[in-house]
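In: how does the following fold in three dimensions:
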Amino acid sequence: MRGRPRSEEARRAILDTALRICHRDGYQQVTIKAIADEAGVGRQTVYRWWPDKAQVLLDALIDLREREPRLDEDTGDALRDIERILARTFALTQESTGRALVGLMAEAQNDPALSDRLQGTVIGPQRDVLHRFLRQGVEAGQLAENVPLPLVVDFAFGTMWYRLLSKHAPVDDRLAADITAAIARLLAR
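Out: This next block holds a predicted model:
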């Protein structure tokens, strides 16, 4: 790495500030200058570590996921685990991550490298956890694989994405409960 080593305090300030600005003002309003000014660091400090706002926000989402309590622990009740992971994921979209996710997803449509990184670090791991809970439910005899499990994952997160993009209805605990109930019917034994 070139230059001085990263200051963990500056890194944390930059990542938290980027998410805060995005949540407050929207993805389009996030700039490196705004991040640097609000985080109390120089623009060169941000540019030394990240080439653009998309990479700052993506690293902020990765960092947030790593700081969140683990939700991938199996309680033995597949439907309860599914609702728990959906509810927490949906809550995060309302608390801090929704506008960043939507902005990054839009930008990723024209940036294959960003798309791959977003899928590999943020979207894919969430999909994998939900798929694992579904698979464990099938293997434990709680659920039946009446439809392909990847399609069920698409149904759950596709509904979230549709609501985040169209803003026609909330992405909340009620949605998590409704999707879980629908999954229970789709995969009923």
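
In: now do the same contact list for the closest residue to His131 other than its chain neighbours.
Out: What sits nearest to His131 in space, not counting adjacent residues and going by Cβ to Cβ, 6 or more residues apart in numbering, is Val153, at 5.2 Å. For glycine as for every other residue, the C-beta is placed from the backbone atoms N, C-alpha and C. Listed by Cβ atoms under 8 Å, 6 or more residues apart in numbering, the contact set of Val153 reads Arg127, Leu130, His131, Leu134.

In: spatially central residue in this protein, please.
Out: For the chain, the residue nearest the mean C-alpha position is Val122 (5.3 Å; Cα atoms, centre = their mean).

In: how much space separates that one from Leu19?
Out: Note on Val122: its distance to Leu19, by Cβ to Cβ, to the nearest Å, is 13 Å.

In: list the residues that contact both of these two?
Out: Leu61.

In: which helix or strand contains Leu92?
Out: Secondary structure assigned from DSSP states H and E places Leu92 in helix 78-92.

In: which residues are contacting that helix?
Out: Residues contacting helix 78-92 (Cβ under 8 Å, 6+ apart): 64, 68, 71-72, 74-75, 98, 126, 129-130, 133-134, 136-137, 140, 142-143, 156, 160, 171-173, 175-177, 179-180, 183-184.

In: run a quick neighbour tally on the closest residue in space to Gly141 that isn't next to it in sequence.
Out: Excluding its sequence neighbours, the residue lying closest to Gly141 (Cβ to Cβ, 6+ apart) is Arg189, at 7.1 Å. Under the neighbour criterion other Cβ atoms under 10 Å, Arg189 is assigned a count of 9.

In: just Glu8 next, same as before
Out: Neighbour number of Glu8 under other Cβ under 10 Å is 8.

In: contacts only, for it.
Out: With contacts taken as Cβ under 8 Å, 6+ apart, Glu8 has no neighbouring residues.

In: ok, now Gln109?
Out: Ser115.

In: does Ala184 belong to a helix or a strand, and which?
Out: With DSSP H and E as the test, Ala184 turns up in helix 173-186.

In: buried sites along that helix?
Out: Neighbour counts over helix 173-186 (16 or more other Cβ atoms under 10 Å) mark Leu175, Ala176, Ile179, Thr180, Ile183, Ala184 as buried.

In: ok, back up a step: how much space between the residue nearest to the centre of the chain and Asn146?
Out: On the measure of Cβ to Cβ, Val122 and Asn146 end up 29 Å apart.

In: got it, and Gln55?
Out: 41 Å.

In: which one's more surrounded, the two?
Out: Gln55 (17 against 12).

In: avg pLDDT for the strand or helix carrying that one?
Out: Taking DSSP H and E as the criterion, the element that holds Gln55 is helix 53-67. Across helix 53-67, the average pLDDT comes to 94.

In: what stretches of the chain score poorly on pLDDT?
Out: 1-6, 71 (pLDDT under 70).
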